[in-house]
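A.B. asks: Provided below for reference: sequence and predicted model.
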Amino acid sequence: MAIISLSKQKRRTTQSQPLRARNRNVKFIPEVPANPPDLQQYEALFHGSDIVVDEPEFRISSRSLEFGDGFYTTSDRLQASVWGIDRTKENSDPWNDDQAMVRFRSHIPSVSMFRLDVKRARRELNILVFNYPCPEWLDYLADSLGRDQRRWADIVIGPMADDNFKNIVEIYRDERDNGLNPDPYLYISLLKKGMQTDQILFASKRSLKYLKYVGCFVWI
């Protein structure tokens with residue numbers, strides 16, 4: 001398991017020290033390139049729902065979520081739009097019953113936009129970054145699904161999995177926990193079939209303080 005921690009203190013880069021790292025509280029899995037990303041691509045984030053969310057909240061979900069409980073965002077506005085539409089359909093199906101249309105009209109697909117204070121977050125929070133689907137990422141999904149995940153990270157960044165990830169990950173977790181040594185890359189290949197984009201989970205209440213609401217757009 002290759003986890004590389006970045007140094008918390010600024011220091012000069014030498015030939016024996018190729019990583020230009022800033023803090024130990026940022027982990028890149030499975031590896032860090034010669035020039036670690038500064039995470040600025042996650043400064044603008046989007047959250048899709050059936051309502052406008054101007055004050056993000058840490059939520060414990062009754063559903064199985066890939067990275068566990070918390071507040072989910074993405075850097076992809078289109079993906080957030082899909083989340084908003086799906087959430088609206090879940091909460092108010094107009095073909096379900098006579099009263100559903102009333103509920104449907106009161107829930108509108110919405111995308112709330114946030115600004116993440118990346119520099120402060122890097123200094124003060126624990127951030128876990130999965131660069132791409134890897135065995136460590138799969139294990140994290142399996143542990144989160146079983147609610148066994150330790151809460152080291154305040155923010156978890158990584159790729160999304162297939163919408164039906166629960167069934168696939170459950171099989172992998174059962175084989176792993178029973179000592180059957182499953183091939184993680186086989187399961188990763190199944191999960192990647194429906195993979196679309198990234199997701200950024202704010203996995204602690206304190207991490208939400210680094211998000212600032214900047215606006216929204218809705219479907220009317």
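C.D. replies: That came through, no problem.
A.B. asks: Residues contacting the helix ranked longest in the chain, please?
C.D. replies: In the chain, assigned by DSSP state H, the helix with the most residues is helix 77-91. With CB atoms under 8 Å, 6 or more residues apart in numbering as the test, helix 77-91 has contacts from 46-50, 72-74, 103-104, 107-111, 160, 196-197, 219. No exception for glycine: its C-beta is placed from N, CA and C like everyone else's.
A.B. asks: Now, of those residues, which are buried?
C.D. replies: With burial judged by 16 or more other CB atoms under 10 Å, the buried subset of the contacts of helix 77-91 is 46-50, 72-74, 103-104, 107-111, 160.
A.B. asks: How far does stretch 155-165 sit from its chain's centre?
C.D. replies: Averaging C-alpha positions (CA atoms, centre = their mean, to the nearest Å) puts stretch 155-165 6 Å from its chain's average.
A.B. asks: Quick one: mean pLDDT for that stretch?
C.D. replies: Average pLDDT, stretch 155-165: 86.
A.B. asks: returning to what we had before: so how far is the longest helix of the chain from its chain's centroid?
C.D. replies: For helix 77-91, the distance to the chain centre is 16 Å (CA atoms, centre = their mean).
A.B. asks: That one: which residues count as buried?
C.D. replies: Buried-residue list, helix 77-91, by 16+ other CB under 10 Å: Gln79, Ala80, Ser81, Val82, Trp83, Gly84, Ile85, Arg87, Thr88.
A.B. asks: Identify, from those residues, the entry nearest to Tyr210.
C.D. replies: Ala80 (18.5 Å; CB to CB).
A.B. asks: Pull up the gap between the closest one and Asp198, please.
C.D. replies: In this view, Ala80 and Asp198 are 11 Å apart by CB to CB, to the nearest Å.
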